[in-house]
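Enquirer: No letters, just coordinates:
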Ligand code: ADP
């Protein structure tokens with residue numbers, strides 16, 4: 001897999017109101033291994049609002065409060081990433097996108113050529129939704145669907161979602177102890193895609209449903225998605241660097 005989009009949730013990046021530095025460093029190390037292996041990597045990172053909240057206490061329940069926290073947290077988070085990537089000799093860049101960057105061919109092309117130029121120079125683009133000024137009709141609202149668009153329009157072979165959950169289960173494993181992992185999925189039915197979203201925690205906005213919607217978007221377009229743990233990256237390492245599907249869920253359309 002030549003071009004890989006990696007999406008990481010705010011749960012993985014923060015812990016008890018602080019940046020989870022160890023996990024962020026592990027993520028950067030993982031991306032550096034893929035980069036060294038010659039892959040093009042685009043990182044879609046959540047966590048701007050949570051990162052902002054580590055610096056200042058603003059009520060994040062209102063839209064303006066969230067926007068203010070994102071404005072504070074986005075450069076703060078990027079600085080940490082840039083410093084960590086620099087340890088591996090990798091330059092990283094900030095790319096803020098909104099839904100309307102994908103709504104016309106002309107605009108999508110502008111975004112594509114910027115990303116291609118960065119990747120050509122071996123830079124790791126770090127993408128987030130431009131939620132500081134995003135208006136309600138335009139927002140993706142969660143980075144799961146944004147990352148699916150990024151993967152498709154920027155021509156990645158696969159989207160890897162690193163979550164607080166290590167795979168898709170047949171039911172919510174946090175509620176049902178007998179939940180069973182679904183290792184390979186080639187079709188999602190309409191009920192699964194419409195179920196109420198179940199974000200796990202204050203900063204998570206997606207839940208499993210938006211991950212399934214992302215998977216469906218990609219499978220319908222002949223692309224793959226891999227869902228694995230962002231806490232323990234061993235399944236992601238095995239799958240992407242050793243071609244060994246030990247854990248995690250691979251969403252792959254039948255024809256691939
Ligand atoms: P992230 O912050 O990584 O984007 P979320 O917390 O938004 O992740 O979504 C993952 C959560 O979705 C899991 O922790 C789990 O509680 C919940 N969930 C609900 N149903 C399922 C399921 N069938 N399989 C896996 N996780 C599920």
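Expert: Thanks, I have the structure now. No experiment lies behind these values; they were computed from the predicted model shown.

Enquirer: What pLDDT is listed against the closest residue to the ligand within the chain?
Expert: Using C-beta to the nearest ligand atom, the single residue of the chain nearest to the ligand is residue 9, 2.6 Å away. To be clear about C-beta, it is placed using only N, CA and C from the backbone, and glycine gets the same treatment. Residue 9 carries a pLDDT score of 90 in this model.

Enquirer: wait, it sits on residue 163?
Expert: Yes - with contact defined as C-beta atoms under 8 Å, residue 9 counts as touching residue 163 (5.3 Å).

Enquirer: Quickly list what's touching both of the two.
Expert: Counting by C-beta atoms under 8 Å, 6 or more residues apart in numbering, the contacts common to residue 9 and residue 163 are residue 230.

Enquirer: With neighbour numbers in mind, choose between the two.
Expert: Between residue 9 and residue 163, counted using other C-beta atoms under 10 Å, residue 9 has the larger neighbour count: 29 against 25.

Enquirer: what separates the lowest-mean-pLDDT helix or strand in the chain from the chain centre, distance-wise?
Expert: Within the chain, no helix or strand scores below helix 190-194, which has a mean of 87 by mean pLDDT, DSSP states H and E. How far helix 190-194 lies from its chain's middle: 21 Å, per C-alpha atoms, centre = their mean, to the nearest Å.

Enquirer: Just name whatever secondary elements that helix is in contact with.
Expert: helix 207-219 (3 or more C-beta pairs under 8 Å, 6 or more residues apart in numbering; DSSP states H and E).

Enquirer: Please work out the average pLDDT along the helix it packs on.
Expert: For helix 207-219, mean pLDDT is 94.

Enquirer: just the angle between the helix or strand that it is followed by and helix 207-219, please?
Expert: Following helix 207-219 in sequence order, the next helix or strand is strand 224-229 (DSSP states H and E). Interaxial angle, strand 224-229 versus helix 207-219 (axes from the mean of the first three to the mean of the last three C-alpha atoms, to 10 degrees): 160 degrees.

Enquirer: Which residues outside strand 224-229 are in contact with it?
Expert: 148, 151, 157-168, 211, 214-215, 218-219, 235-236, 239-240, 247-253, 256.

Enquirer: and those residues, which of them are in strands?
Expert: Among the contacts of strand 224-229, the ones falling in strands (DSSP state E) are 158, 159, 160, 161, 162, 163, 249, 250, 251.

Enquirer: Using JSON lines, lay out the residues you listed together with distance to the ligand.
Expert: Below are those laid out as JSON lines (distance: C-beta to the nearest ligand atom, whole Å):
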{"residue": "158", "distance to the ligand": "17"}
{"residue": "159", "distance to the ligand": "13"}
{"residue": "160", "distance to the ligand": "12"}
{"residue": "161", "distance to the ligand": "7"}
{"residue": "162", "distance to the ligand": "7"}
{"residue": "163", "distance to the ligand": "3"}
{"residue": "249", "distance to the ligand": "8"}
{"residue": "250", "distance to the ligand": "14"}
{"residue": "251", "distance to the ligand": "13"}
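
Enquirer: how about a markdown table for these, with distance to residue 112 and pLDDT added?
Expert: Formatted as a markdown table, these follow (distance: C-beta to C-beta, whole Å; pLDDT from 0 to 100):
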| residue | distance to residue 112 | pLDDT |
| --- | --- | --- |
| 158 | 18 | 98 |
| 159 | 16 | 98 |
| 160 | 20 | 98 |
| 161 | 22 | 98 |
| 162 | 24 | 97 |
| 163 | 27 | 95 |
| 249 | 28 | 98 |
| 250 | 26 | 98 |
| 251 | 23 | 98 |
